[in-house]
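S.K.: need a 3D model of the following:
(one chain, ligands or ions: 1)
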Amino acid sequence: MCGIFGYSGNKKTKEAIFNGLKRLEYRGYDSWGIAILNDNKIHQYKNIGEIKKDDNLAKLQDGTVGIGHTRWATHGGVTTKNAHPHLSSHNEFTLVQNGIVENFDSLKKELLKKKEKFTTETDTEVIVKLIEQELVKKKTLKDAIITVFKRLEGRNTIAVLDSKSGKIYAVRNGSPLVLGIAQDGTYLASDTLSFSTATNKVVLLDDYDMVEIDGKNVEIRNVITKEKKKMVIKELKHQ
Ligand code: GLU
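M.R.: Down below sits the predicted model:
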């Protein structure tokens, strides 16, 4: 299963993402990682094995926007390099994925024909390269993500941290993703339990819903119907 946890708001987020990933541990994982935006630069920490604090995590820059991931390897071994988030070639964005890109082989062949170079064996890097190719065509990052996500076969959720705008974009299909609405900002995760005491106000998302998160400002749009969706906030009693 594995998991995704993200935050955008006015609080420092490293500790919150770390704790969020700990709460997603029950889903199973073999490696993990965190990306945080600080001064429009993406800073990353990745490791294999148990989610625990070490000197390198202590050195990771903190900031008010970030995404984290627990990986259960499907494509490529359990290595720090293959762990998520995966940075784009020019550090414009970084991406995490839950799921399996079922048409990985044909997409990778297409990219290899275009002379793309890969540094990991993951299906995730294929998503990153496809988005980069759309960016070269002068698409916005948001439109590039939509174009590429629609090409992915299989059950997938991706979350992308944009270094320029500081926004998080995330979209799901068949793999879970929920929002947590708090006073200080917006949370994003694979389940509502991982929000713990941060918030009990949640927004459930449907397949192909894309969220664009900028602190407390959130837009939800279905990428197939292109319709903007109203935020339906549910209050959970058990959080
Ligand atoms: N297929 C991706 C990988 O192997 C993501 C696996 C996951 O859902 O954690 O890295």
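S.K.: buried sites along the one helix or strand Arg221 maps to?
M.R.: Arg221 belongs to strand 217-222 when elements are defined using DSSP states H and E. By 16 or more other C-beta atoms under 10 Å, the buried positions in strand 217-222 come out as Val218, Ile220, Arg221, Asn222. Placement of C-beta: from N, CA and C, glycine included.
S.K.: quick check: which ranges of the protein have low pLDDT?
M.R.: Applying pLDDT under 70 to the chain picks out residues 1, 238-239.
S.K.: what secondary structure does the closest residue to Tyr169 other than its chain neighbours sit in?
M.R.: Taking C-beta to C-beta, 6 or more residues apart in numbering as the measure, Tyr169 lies nearest to Val160, with 4.7 Å between them; neighbours along the chain are not counted. Recorded secondary structure, Val160: strand (DSSP: H, G, I helix; E, B strand; the rest coil).
S.K.: can you list the residues of the chain near the ligand?
M.R.: When proximity is defined by C-beta under 6 Å from any ligand atom, the chain lies next to the ligand at 2, 71-76, 97-100, 122-124.
S.K.: on that earlier part again, ok, how many other residues are close to the residue nearest to Tyr169?
M.R.: Using other C-beta atoms under 10 Å, Val160 has 28 other residues around it.
S.K.: please flag which of the residues of the chain next to the ligand sit within strands.
M.R.: Among these, the subset assigned to strands under DSSP state E consists of Arg71, Gln97, Asn98, Gly99.
S.K.: what residues are up against the nearest residue to the second one once chain neighbours are set aside?
M.R.: The one in question is Gln97. With C-beta to C-beta, 6+ apart as the measure, Thr124 is the residue that lies nearest to Gln97, at 4.5 Å, once sequence neighbours are left out. Taking C-beta atoms under 8 Å, 6 or more residues apart in numbering as the contact definition, Thr124 lies against His75, His84, His86, Leu95, Val96, Gln97, Val101.
S.K.: how many other residues sit next to the residue nearest to Leu60 when sequence neighbours are not counted?
M.R.: Distance criterion C-beta to C-beta, 6+ apart; nearest residue to Leu60, sequence neighbours excluded, is Tyr45 at 4.5 Å. A count of neighbours around Tyr45, defined by other C-beta under 10 Å, yields 23.
S.K.: how about Ile100?
M.R.: For Ile100, the tally of surrounding residues (other C-beta under 10 Å) stands at 16.
S.K.: list phi and psi for it.
M.R.: Geometry field for Ile100 lists phi and psi as phi -140, psi 130, criterion degrees, to the nearest 10.
S.K.: how far away is it from Gly174?
M.R.: Taking C-beta to C-beta, to the nearest Å as the measure, Ile100 and Gly174 are separated by 10 Å.
S.K.: would you point out which residue is most central in this structure?
M.R.: Nearest to the centroid of the C-alpha atoms of the chain, with distances taken as C-alpha atoms, centre = their mean, sits Ala159, at 2.5 Å.
S.K.: Lys137 - how many residues pack around it?
M.R.: The burial metric for Lys137, expressed as a neighbour count using other C-beta under 10 Å, is 9.
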